[in-house]
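Visitor: Return atomic coordinates for the entry below.
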Amino acid sequence: MSSGSRPVSAAPPAKRSTVTLSKLAEKKALGEPIVMITAYDYPSAQVAEAAGVDVVLVGDSGAMTVLGYPSTVPVTIDEMLMLCSAVRRGLTTPLLVGDLPFASYEASNEQAIRTAQRFVKEAGCDAVKLERGGSSAERARAIVAAGIPVMGHVGLTPQTATALGGYRSQGRTAERALDVARDALALQEAGCFSIVFEAVPSEFTEAVHSQLDIPIIGIGAGPAADGQVLVFHDLLGIYDGHAARFVKRYADIRGAMIAGVSKFADEVRARKYPEPEHGYTMAPDEAAALADKLANLHVREPFSGEW
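Guide: Predicted coordinates:
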């Protein structure tokens with residue numbers, strides 16, 4: 001390079017277009033895998049945005065991963081709206097889906113619509129997700145009719161895990177698999193734009209795939225799904241709770257966080273932090289003037305309580 005030449009800066013990354021429902025349908029038609037992760041706050045949303053994922057789900061799993069509940073059941077609508085709003089502020093490109101929490105949609109179509117409307121109006125979600133088939137298919141139909149896109153969820157549905165025998169794989173017999181398939185087909189018929197298959201045999205997903213025109217997002221559902229989702233805190237190794245069989249750790253962020261905080265604590269206790277470069281200074285004449293003023297400073301006597 002000559003002395004007069006200037007370095008050529010790398011071209012900025014191409015701007016990604018906003019992910020829409022039609023874009024997801026197009027990906028399924030073309031056989032392009034869909035990437036979905038959960039996120040629960042502004043920083044994790046920014047990570048999802050920078051990583052170029054297609055869909056971000058603010059899952060009710062946030063009840064356990066960030067709010068400390070023992071299950072997804074206790075989380076409230078207001079808590080979910082808070083998490084969704086934070087994620088919305090960190091996203092531009094991915095489709096944002098909010099999980100309707102337990103007891104927020106099951107009672108009636110009217111309740112389901114009101115809750116879904118809050119997720120769109122107050123938190124800026126593009127769509128909502130609900131669990132199970134059966135009456136949930138009716139709720140999904142009502143929400144879709146109200147103009148709000150719905151993602152379904154079959155197989156292991158954490159909100160009703162107790163009724164399913166705990167957090168265990170579903171659809172492992174032909175009869176039970178047929179029930180899960182019926183739920184999926186009912187949700188498609190109700191107008192869902194996509195369905196999450198959780199903890200079901202790979203053979204089931206492969207067999208049902210041709211029966212569904214909408215994208216299947218798998219989590220422990222095998223490679224035949226149109227896309228895959230993992231929980232942010234699971235895939236990055238942040239959450240210290242039990243990890244399901246389908247979880248793959250792509251990092252050990254929790255270990256790095258503990259190491260960093262431990263080193264900070266050690267340096268504070270050893271008086272190694274802060275060092276001069278971490279502080280602010282006064283001009284020498286100002287420091288001298290302050291010392292003079294402090295020397296002549298008379299502190300007022302504390303009020304005795306008597307005038």
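
Visitor: ok, and Val56, which helix or strand is that part of?
Guide: The secondary structure element spanning Val56 is strand 55-58 (assigned by DSSP states H and E).

Visitor: hang on, isn't Glu49 packed against Gly90?
Guide: Yes. Counting by CB atoms under 8 Å, Gly90 is a contact partner of Glu49 at 6.4 Å. In short, each C-beta sits where N, CA and C put it, glycine included.

Visitor: who touches both of these two?
Guide: Taking CB atoms under 8 Å, 6 or more residues apart in numbering as the contact rule, Glu49 and Gly90 have no neighbour in common.

Visitor: if you go through the chain in chain order, where are the helices?
Guide: For the chain, the helices defined by DSSP state H occupy 21-30, 42-51, 62-65, 77-90, 109-121, 135-145, 174-189, 202-209, 232-235, 253-269, 284-295.

Visitor: With respect to Phe102, which of these lies nearest?
Guide: In this view, those are compared for proximity to Phe102 by CB to CB, and helix 62-65 is the closest at 9.2 Å.

Visitor: Counting by contacts, list what the closest one packs against.
Guide: In this structure, helix 62-65 packs against helix 77-90, helix 232-235, with contacts taken as 3 or more CB pairs under 8 Å, 6 or more residues apart in numbering; DSSP states H and E.

Visitor: swap the cut-off to 7 Å and go again
Guide: Contact here means 3 or more CB pairs under 7 Å, 6 or more residues apart in numbering; DSSP states H and E; on that basis helix 62-65 packs against no helix or strand.

Visitor: Can you point out the buried residues in stretch 233-240?
Guide: Buried positions in stretch 233-240, judged by neighbour count with 16 or more other CB atoms under 10 Å: His233, Asp234, Leu235, Leu236, Gly237, Ile238, Tyr239.

Visitor: what's the offset of that stretch from the middle of its chain?
Guide: Relative to the chain's own centre, stretch 233-240 is displaced by 12 Å; criterion: CA atoms, centre = their mean, to the nearest Å.

Visitor: so for it, what's the average pLDDT?
Guide: Mean pLDDT, taken over the full extent of stretch 233-240, equals 93.

Visitor: Quick one: end-to-end distance for it.
Guide: Stretch 233-240 has an end-to-end distance of 9 Å (criterion: CA to CA, to the nearest Å).

Visitor: list the contacts for the most centrally placed residue in the chain?
Guide: Closest to where the C-alpha atoms of the chain average out (CA atoms, centre = their mean) is Ala39, at 1.9 Å. When contacts are counted by CB atoms under 7 Å, 6 or more residues apart in numbering, Ala39 touches Ala45, Ala48, Val56, Val58, Val87, Phe232.

Visitor: Give me the residue ranges of the stretch 201-307 of the chain where confidence is low.
Guide: Per-residue confidence of the stretch 201-307 of the chain (counting by pLDDT under 70) places the weak regions at 299-307.

Visitor: separation between Ala25 and Tyr250?
Guide: Taking CB to CB, to the nearest Å as the measure, Ala25 and Tyr250 are separated by 28 Å.

Visitor: swap in Asp78?
Guide: Relative to Tyr250, Asp78 is positioned 32 Å away (criterion: CB to CB).

Visitor: again with Phe232
Guide: With CB to CB as the criterion, Phe232 and Tyr250 are 11 Å apart.

Visitor: follow-up on the earlier one: list the contacts of the strand holding Val56.
Guide: Counting by CB under 7 Å, 6+ apart, the neighbours of strand 55-58 from elsewhere in the structure are 19, 34, 36-40, 45, 48, 80, 83-84, 87, 91, 94-99, 129, 229.

Visitor: Recalculate using a threshold of 8 Å.
Guide: For strand 55-58, with CB under 8 Å, 6+ apart as the criterion, the contacting residues are 19, 24, 34-40, 45, 48, 80, 83-84, 87, 91, 94-99, 125, 129, 151, 217, 227, 229.
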